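> got a predicted structure plus its sequence, pasted below:
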Amino acid sequence: MTERERLAFLEGQAEKAYDRMYDAVSPTSAAACYSDAKEALYTAIGIAQQLADEESVRRLEARLAHIKAVFRSQFPS
């Protein structure tokens, strides 16, 4: 798998985790999905930085910020 393919895979994993966050049956399950999404995006951002793909870095950072904001507003601790 190339780094570009890995980047796309991780982004897809993050989106799946984000979707699962809404289907979670408990706050703990939602938090685990949130954590999975963040981890995948942080790794994808690192790969994009290694590839010097600034457009992807910005897009992924924006998506991460959005997911964090949604989690904090819809799943308050």
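Structure received.
> quick one: average pLDDT of stretch 10-25?
Average pLDDT, stretch 10-25: 95.
> and for stretch 61-71?
96.
> OK, contacts around E11?
A40, L41, A44, L60, R63 (CB atoms under 8 Å, 6 or more residues apart in numbering). Every C-beta, even on glycine, is put in place using the N, C-alpha and C of the backbone.
> find the helix or strand that it is a member of.
helix 3-23 (DSSP states H and E).
> from the contacts of E11, list the buried ones, please.
A40, L41, A44, L60, R63 (16 or more other CB atoms under 10 Å).
> secondary structure and distance to F75 for the residues you listed - can I get that in a markdown table?
Shown next, in a markdown table, are the buried ones among the contacts of E11 (DSSP: H, G, I helix; E, B strand; the rest coil; distance: CB to CB, whole Å):
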| residue | secondary structure | distance to F75 |
| --- | --- | --- |
| A40 | helix | 18 |
| L41 | helix | 17 |
| A44 | helix | 22 |
| L60 | helix | 21 |
| R63 | helix | 17 |
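> got TSV for those, with distance to F9 too?
Formatted as TSV, the buried ones among the contacts of E11 follow (distance: CB to CB, whole Å):
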residue	distance to F9
A40	9
L41	12
A44	9
L60	13
R63	15
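> nearest to E3 among the residues you listed?
Checking those against E3 by CB to CB gives A44 as the nearest, at 10.2 Å.
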